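Enquirer: here is the input, now give the coordinates:
(2 chains)
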There are 2 protein chains.
Amino acid sequence: MSLRAVEAFGGPREARQAIREGRWTGPTAGLCPGYAQANLVVLPRQFACDFLLFCQRNPNPCPLLEVTDAGSWEPRRLAPGADLRTDVPRYRIYRDGRLEGEPTDVLDLWRDDLVAFLFGCSFTFERALLEAGVPVRHLEEGKNVPMYVTNRACDPAGIFRGPLVVTMRPIPVELVPRAVQVTARFPGAHGAPVHVGDPAALGIRRLERPDFGDAVTVRDGEMPVFWACGVTAQAVALESKASLMLTHAPGHMFITDRKDADLSYD
Amino acid sequence: MSLRAVEAFGGPREARQAIREGRWTGPTAGLCPGYAQANLVVLPRQFACDFLLFCQRNPNPCPLLEVTDAGSWEPRRLAPGADLRTDVPRYRIYRDGRLEGEPTDVLDLWRDDLVAFLFGCSFTFERALLEAGVPVRHLEEGKNVPMYVTNRACDPAGIFRGPLVVTMRPIPVELVPRAVQVTARFPGAHGAPVHVGDPAALGIRRLERPDFGDAVTVRDGEMPVFWACGVTAQAVALESKASLMLTHAPGHMFITDRKDADLSYD
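Expert: Next up is the predicted model:
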């Protein structure tokens, strides 16, 4: 992301227009500051009911912001007038659980039976952490957040089951309560940490070997703090081996009209 | 409810046992203080998916605490070992949208395709109001809370649509902010008010003529404050004219093992 891009887009509508027209195909981190970005999972209707139930039972990793009617590409609650077939900078296409491509639109793949699920994203609470003076290491180091598959099972629903995936941020011990407090305000963006301290309690053996993303430096006087991660929902959905599943490409989120503050309980 | 009954039940498990054995068939207000009580709506599986989506889209009137797997009568998250066929003091049976009876169990009506929806209940936040020194008029007057059908439409899902139903509590003007603050902590029990002040803004013409429940006194220096009401979900479900629908009878709730505090974001 370049600073120029951040300046170029006035608001979410302008940003989505640029994305729709192919003028922006990069990651969305830093775009439209103050506006909530969302994870996207699209599944055929036959899987939607159980997946919705899975999300209801696992709100921490799967903080649902909106579920569209089957066939509708408009997220009319989060962004009236937007088009989920074109307004994400880069998609991933899975068929029968296998990655098939990473196009910049899915116009030709859309079907009348597709249901879109949009989830809150950790960008929202990372901004709140920074504003509260809590450092966010992977941003400092210009890396992806480290993600780990844990030994905790999600509460299953129908065919959907799998382990909880978490992100980790090293937090100076004296700021741990503040980090909990700040993120707890955002249940619509994964909320409070699921665990503070010893990674072994989550079955994580080596912090320097994340399952996804990049390892980050943990300094003396810092404690690893773990939050539920939206990748949980994608990983679980992938296991369904649905004939077709569409998602955003990592870091290439859907930008909503909703302010970060709207996702908080303040 | 008698004080003796309150004293008789040690905890939710004991209370449910007494209800299951027919030793308690009355309203549950005041039973097991500190434990969350829940509204119940049971629908055949064919309606469950759209109803779940309706609840996702309308979390304020429909704060879902648990959805069971089809056929299962055990709410294994809210109360492991409980039986939703027997552990509510009094049920309502609807067939094709018509009230057919109010039995004390539904053992002979249970089917493999039934899905139970359990919702947070205003008892939780009324206790919090009282503890914060905010009066609750209908409790003072020994009445049912007044409920009103508003001119606000819920966000529809599939066949499920209908107006928002609200409860009203008159609050001394100087305590209105406190009342908002206290109830906002409980999104799992309808959360913050949906409206403060002029009833006409919700299309309510006469406060002294509630659509359900009883009228209560509004004193000088008090403001009517309106919260989303769980009757919304029941009214909307009823409109589906499902072949079979089971609910709790008004005031005869399901007592969970979950503490009120577990429904808060503190």
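Enquirer: pull the residues that contact stretch A:256-263.
Expert: The contact list for stretch A:256-263, computed with Cβ atoms under 8 Å, 6 or more residues apart in numbering or on different chains, reads A:12-13, A:34-38, A:65, A:75, A:78-80, A:82, A:118, A:120, A:124, A:127-128, A:186-189. Every residue, glycine included, has its C-beta placed from N, CA and C.
Enquirer: list only buried entries from those residues.
Expert: Neighbour counting with 16 or more other Cβ atoms under 10 Å in any protein chain shown marks A:12-13, A:35-38, A:65, A:75, A:78-79, A:82, A:118, A:120, A:124, A:127-128, A:186-189 as buried within the contacts of stretch A:256-263.
Enquirer: please go through those and note which also touch chain B.
Expert: Filtering the buried ones among the contacts of stretch A:256-263 for proximity to chain B (criterion: Cβ under 8 Å from any Cβ of the partner chain) leaves residue A:187.
Enquirer: next, count neighbours for the closest residue to chain B within chain A.
Expert: Residue nearest to chain B within chain A (Cβ to the nearest Cβ): residue A:49, separated by 3.7 Å. By other Cβ atoms under 10 Å in any protein chain shown, the residues close to residue A:49 number 18.
Enquirer: so it sits right up against residue B:48, yeah?
Expert: Yes: using Cβ atoms under 8 Å as the test, residue A:49 is close enough to residue B:48 to be in contact (7.3 Å).
Enquirer: which parts of chain A are helices?
Expert: Assigned by DSSP state H, chain A shows helices spanning A:3-8, A:12-20, A:45-57, A:123-131, A:137-140, A:176-184, A:231-239.
Enquirer: among these, which comes closest to residue A:110?
Expert: The minimum distance between residue A:110 and the helices of chain A falls on helix A:45-57, with 13.0 Å, by Cβ to Cβ.
Enquirer: name the helices or strands packed onto that closest one?
Expert: On a contact count with 3 or more Cβ pairs under 8 Å, 6 or more residues apart in numbering or on different chains; DSSP states H and E, helix A:45-57 meets strand A:64-67, strand A:114-120, helix A:231-239, helix B:45-57, strand B:64-67.
Enquirer: what angle do that helix and strand B:114-120 make?
Expert: Helix A:45-57 and strand B:114-120 are oriented at 40 degrees to each other (axes from the mean of the first three to the mean of the last three Cα atoms, to 10 degrees).
Enquirer: what's the mean pLDDT across helix A:45-57?
Expert: The pLDDT scores in helix A:45-57 average 95.
Enquirer: ranking the helices and strands packed on helix A:45-57 by burial, who's on top?
Expert: Mean neighbour count (mean count of other Cβ atoms under 10 Å in any protein chain shown) peaks for strand A:114-120 among those, with a mean of 25.
Enquirer: can I get it as CSV, trimmed to CA atoms?
Expert: Extracted in CSV, the C-alpha atoms of strand A:114-120 (Å, rounded to 0.1, in the frame of the first residue of the first chain):
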residue,chain,number,x,y,z
LEU,A,114,-24.5,-18.2,-3.9
VAL,A,115,-24.6,-16.7,-0.4
ALA,A,116,-22.0,-14.2,0.8
PHE,A,117,-20.8,-14.1,4.4
LEU,A,118,-18.9,-10.9,5.5
PHE,A,119,-16.9,-10.9,8.7
GLY,A,120,-15.3,-8.3,10.8
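Enquirer: hang on, the earlier thing: of the helices and strands packed on helix A:45-57, which is nearest residue A:24?
Expert: strand A:114-120 (19.2 Å).
Enquirer: so what strands line up beside that closest one?
Expert: Paired strands of strand A:114-120, with direction, are strand A:35-44 (antiparallel), strand A:64-67 (antiparallel) (DSSP bridges).
Enquirer: now distance to residue A:200 too, for these, in a markdown table please.
Expert: Shown next, in a markdown table, are those (distance: least, Cβ to Cβ, whole Å):
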| stretch | distance to residue A:200 |
| --- | --- |
| strand A:35-44 | 28 |
| strand A:64-67 | 31 |
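Enquirer: where does chain A dip in pLDDT?
Expert: In the predicted model, chain A carries pLDDT under 70 at residues A:1-8, A:265-266.
Enquirer: residues from it in reach of chain B?
Expert: Residues of chain A lying near chain B (Cβ under 8 Å from any Cβ): A:48-49, A:52-53, A:56-57, A:64, A:67, A:69, A:77, A:155, A:157-158, A:184-185, A:187, A:265.
Enquirer: OK, contacts around the closest residue to residue A:105 other than its chain neighbours?
Expert: Leaving aside its sequence neighbours, residue A:105 sits nearest to residue A:86 (Cβ to Cβ, 6 or more residues apart in numbering or on different chains; 4.6 Å). Going by Cβ under 8 Å, 6+ apart, residue A:86 touches A:19, A:20, A:105, A:106, A:107.
Enquirer: residue A:219: which of those residues is nearest?
Expert: Of all the contacts of residue A:86, residue A:19 has the smallest distance to residue A:219: 36.8 Å, by Cβ to Cβ.
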